[in-house]
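**Student:** structure for the following, please:
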Amino acid sequence: MNEKIGSLKRTMIAVLIVEAAALAILGVYFHFDILTAALIVVSEAAFMFYLFEKFHEYSQQQTEGVKSVLGNAAAEAFLTGGVGMIIYDDDYVITWMSELFKSRSIDRVGTKVLTWIPEADDLISGKEDTAYVQLDEKIYEMHRKEDEPMIFFKDVTELTDCKEKYHNEHVVIGMASLDNYDDSSAYGDENQEAAVNASVRGPLLEYCAGHGIFTKRLSSSKYLMILNEKIFSDLAADHFSILGKVRKGAQKQDMVITLSMSFARGTSDFEQLDQMVTNLMDLAQTRGGDQVAMQTYGEDVKYFGGSTEAAEKRSRVRVRVMSHALRDLIMRSSNVIICCHKTADFDCIGSAICLARMAESLHRPAVIIAKTGGIEEKLNAALQANMEDIKQEVNFVTEGEALNHLGDTSLVIMTDHHNIKQSNGAKVLENANRVVIIDHHRRSTEMGVKPVLVYIEAGASSTCELLTEMIPYVSNTAEISPLAATIMLTGMIVDTQTWRVRTGARTYDAASALKEIGADSAKAYGWLKDSFDDFALKAKVAVNSERYPNGIVIAEVKDRVLSRSMMSQVADTLLGVQGVQGAFVIANDNDSESAISARSDGHINVQVIMENMNGGGHMTAAAVQRPKCSLDDLKQELLDAIQDYDKEDEENESDS
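**Tutor:** Residues are numbered from 1 along each chain as shown. You can find the predicted model right below:
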């Protein structure tokens, strides 16, 4: 308002000057009485000055009237309570500020509200009821009086500081585990054990002490950690650099030891925190270790790390224990129902047949849900060609038929998957009293079932490898036919990408055991051969793929629908090109969904990338499916996820 009055004053002075000059010129040329003209101009100027002063006085009285409404006592109370107020005009120019701002040397009268406080935009527009702003190291909570040109301010600096301090002092429970430590140091001498401790245990304890974390040793390889939110935020900002230090230290000792950590937070219920941190550690380790699993109570689990391939960590003792537990569950059951994942592949069906034969050898009838959910094309062709022999060994049923077999004492086994959303027997699982999970994929956060036995080994090449090891411990009389063994061997060939990834000594031992049973490798490779049409399609997609930095290749297929099996095969083909470390195929699939199939040679963890897009899988083989959407948008989301992965990977390397 003051600026408007000043502007109007300047305009009228200019008009009077022009008028005086015009009268002077007329007086010279037309012999007007200059004295009379001068008196007229002076009189006008005096009158204008009087009007402006009266207008300004009226404006000031109106403003002071707002103060008088509050009263001296109320104004003093507002000042003591840290409450302030501003009034603005129709142009959002501040016309008055309360004593709080004057006492703090803040004077913005004549300034537009949003020029001074941009944070008040949503408040003035009515989008928000409350907004916050920091002025001269003070934090204010702002409220706007509805339908009135005024904003109230409340100094909440102390309250905000108390909230932050309260949050920072919240207890966080953590757990650290040196993965594979017991197996690696079991047969070493004292000098080797001391060297390992100095390389992996020492850095961990120093890291905890340096950040003010209280640690308590629970076993030779596990530690309980007590910290607060402030320390936890420091660890997160440090990107949990201890993971890389332990990994590098173990490598120097030629040991396969990594560090897994879990953190539970967000509640003052210590029993709940204890349960959370234990479950989180189980998640981190069944996903392969070398990572951090963290969760705020009531929120989703978040992961950090896990960019390295899971090492073989299962021992013969663990295999025997799991096998005996499975045998006991089968013996206490009336029958067994085996669920496969949707679009079942060789590993899934091969492991299902093996489980069915185990159950039959223990005199428990078994059925396999294989007529629902789809079967991969090459596997379907192999089954159809040998259907008569297959029918002699196992019983394939639909999900509806399996429900008829489900009883109170039935045992339901999920093989080659562990999430109910992936299963072809979801209704059976929802109604089952006892569920067993056997899988080799890295564990996802949610399973959708409450299993009585979980055997997930991310270090294994395939579920067929796991079950081949279990056969002699579950039942010595289990009869696995050469045909079933060949299907299992084919599953191992596919999941290892022809023995190129995820292969260890145990993998070849399992393959050798299947060969002894009668597995035919020539027949297995014959089943995996491409038809001429499939070969031509793969070649066409490969030619139209695009290369990106760091060995990434992306093929976006817009002109046709691809089955998920074909998408994975195309990705495998692209991975065979020199210099390609990660291959991604984007297309619409047969289920009216948009999908990405991802493959890696082990240098890139495609599971982490797919998980960032709400997918999942394994380090070298993963995927994501969405309701049908724009493939271009899906590709851009993939590129963003790859960029985030590269950034995190670089940070891990720098921390190491």
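**Student:** just the helices in the stretch 101-250 of the chain please.
**Tutor:** Secondary structure of the stretch 101-250 of the chain (DSSP state H, counting those that start in this stretch): helices at 113-116, 121-125, 157-168, 181-185, 190-196, 202-210, 229-237, 242-252.
**Student:** nearest to residue 294, of those?
**Tutor:** Taking C-beta to C-beta, helix 229-237 is the member of the helices of the stretch 101-250 of the chain nearest to residue 294, at 8.1 Å. C-beta: built from backbone N, CA, C; applies to glycine.
**Student:** now that closest one: how far from the chain's centre is it?
**Tutor:** Per C-alpha atoms, centre = their mean, to the nearest Å, the displacement of helix 229-237 from the mean C-alpha position of its chain is 18 Å.
**Student:** now the angle from that helix to helix 242-252?
**Tutor:** Interaxial angle, helix 229-237 versus helix 242-252 (axes from the mean of the first three to the mean of the last three C-alpha atoms, to 10 degrees): 50 degrees.
**Student:** which outside residues touch helix 229-237?
**Tutor:** Applying C-beta atoms under 8 Å, 6 or more residues apart in numbering, the set of residues contacting helix 229-237 from outside is 167-170, 172, 174, 211-213, 227, 263, 265, 304.
**Student:** for stretch 589-608, measure first residue to last.
**Tutor:** End-to-end distance of stretch 589-608 (C-alpha to C-alpha, to the nearest Å): 22 Å.
**Student:** and for stretch 471-485?
**Tutor:** End to end - C-alpha to C-alpha - stretch 471-485 spans 12 Å.
**Student:** what's the mean pLDDT across that stretch?
**Tutor:** The average pLDDT within stretch 471-485 is 91.
**Student:** again with stretch 173-187
**Tutor:** 81.
**Student:** return the set of buried residues in it.
**Tutor:** 173-181, 183-185 (16 or more other C-beta atoms under 10 Å).
**Student:** could you do stretch 271-284 as well?
**Tutor:** For stretch 271-284, burial by neighbour count (16+ other C-beta under 10 Å) applies to 273, 276-277, 279-284.
**Student:** got the buried residues for stretch 628-644?
**Tutor:** Buried positions in stretch 628-644, judged by neighbour count with 16+ other C-beta under 10 Å: 631, 634-635, 637-638, 641-642.
**Student:** stretch 221-234 now?
**Tutor:** Using 16+ other C-beta under 10 Å as the test for burial, stretch 221-234 gives 221, 223, 225, 227-232.
**Student:** on that earlier part again, and of the buried residues of stretch 271-284, the nearest to residue 577?
**Tutor:** Residue 577 has its nearest neighbour among the buried residues of stretch 271-284 in residue 284, at 33.8 Å by C-beta to C-beta.
**Student:** distance-wise, check residue 380 relative to residue 563.
**Tutor:** Distance of residue 380 to residue 563, computed by C-beta to C-beta, to the nearest Å: 11 Å.
**Student:** please disregard the earlier target; I meant residue 272.
**Tutor:** 44 Å.
**Student:** now residue 516
**Tutor:** Distance of residue 516 to residue 563, given as C-beta to C-beta: 34 Å.
**Student:** those two: who's more crowded?
**Tutor:** residue 563 (17 against 9; other C-beta atoms under 10 Å).
**Student:** so residue 437 makes contact with residue 452?
**Tutor:** No. Applying C-beta atoms under 8 Å, one finds residue 437 not in contact with residue 452, separated by 9.4 Å.
**Student:** more neighbours: those two, which one.
**Tutor:** With neighbours defined as other C-beta under 10 Å, residue 437 and residue 452 compare such that residue 437 has more, 22 against 14.
**Student:** pull the contacting residues for that one.
**Tutor:** Contact analysis of residue 437 by C-beta under 8 Å, 6+ apart lists 413-414, 418, 447, 449, 451, 453-456.
**Student:** can you show me the strands along the stretch 251-400 of the chain?
**Tutor:** Listed in chain order, the strands of the stretch 251-400 of the chain (DSSP state E, counting those that start in this stretch) span 258-265, 291-296, 302-305, 336-339, 366-369, 396-397.
**Student:** so, low pLDDT: which residues of the stretch 501-650 of the chain?
**Tutor:** Low-confidence segments of the stretch 501-650 of the chain, defined by pLDDT under 70: 650.
**Student:** and the helices in it, which stretches?
**Tutor:** So, for the stretch 501-650 of the chain - with DSSP H, counting those that start in this stretch - the helices run 505-517, 521-527, 532-543, 564-575, 606-611, 631-655.
**Student:** give me the next element, helix or strand, following the least confident helix or strand in the chain by mean pLDDT.
**Tutor:** Using mean pLDDT, DSSP states H and E, the weakest-scoring helix or strand in the chain turns out to be helix 34-80, at a mean of 60. Counting by DSSP states H and E, the element after helix 34-80 in chain order, helix or strand, is strand 83-88.
**Student:** output the contacting helices and strands for the very next helix or strand once past that next one.
**Tutor:** Downstream of strand 83-88, the next assigned helix or strand under DSSP H and E is strand 94-97. On a contact count with 3 or more C-beta pairs under 8 Å, 6 or more residues apart in numbering; DSSP states H and E, strand 94-97 meets helix 34-80, strand 83-88.
**Student:** ok, the shortest one: who's next to it in the sheet?
**Tutor:** Each strand paired with strand 83-88, and its direction, by DSSP bridges: strand 94-97 (antiparallel), strand 150-155 (antiparallel).
**Student:** ok, now which ones touch residue 483?
**Tutor:** Contacts of residue 483 (C-beta under 8 Å, 6+ apart): 386, 389-390, 393.
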